[in-house]
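Visitor: I would like to see how this sequence folds:
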Amino acid sequence: MKRNSISAFLALSLFFGLSLIHQAVGQDKGLDIKIDLSPEPVWYEQTWLLVAAGAAVFVLILVAILKNNGKKTG
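Guide: Numbering: from 1, shown residues only. Presented below is the predicted three-dimensional model:
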């Protein structure tokens, strides 16, 4: 009887130990290294340039619509 309880205790200990190891390994994020050699963004990543290009396109479309507004086509 005592041998069965010791075997059951060892089996439960093994199961809980393996489940703890499984959880610990599952939480490992790994190694994430980012090496950035150029601290300044490239030209197409700069926000002010994108805003200026969008405003220029908007003004061009607005001028084209207003210029064609007085003329009748056809």
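
Visitor: which parts of the longest helix along the chain are buried?
Guide: Secondary structure of the chain read by DSSP state H shows that its longest helix is helix 2-26. Using 16 or more other C-beta atoms under 10 Å as the test for burial, helix 2-26 gives no buried residues. C-beta coordinates here come from the backbone N, C-alpha and C atoms, glycine included.

Visitor: From residue 39, how far off is the spatially most central residue of the chain?
Guide: In the chain, the residue lying closest to the centroid (C-alpha atoms, centre = their mean) is residue 32, at 13.3 Å. For residue 32, the distance to residue 39 equals 19 Å [C-beta to C-beta, to the nearest Å].

Visitor: what bits of the chain have low per-residue confidence?
Guide: 1, 28-29, 38, 70-74 (pLDDT under 70).

Visitor: about what we covered before: what is the distance between the longest helix of the chain and the centre of its chain?
Guide: The chain centre lies 38 Å from the centre of helix 2-26; the measure is C-alpha atoms, centre = their mean, to the nearest Å.

Visitor: Following element in sequence after that helix, please.
Guide: The helix or strand immediately downstream of helix 2-26 is helix 47-69, counting by DSSP states H and E.

Visitor: Could you tell me how far that following helix lies from the centre of the chain?
Guide: For helix 47-69, the distance to the chain centre is 32 Å (C-alpha atoms, centre = their mean).
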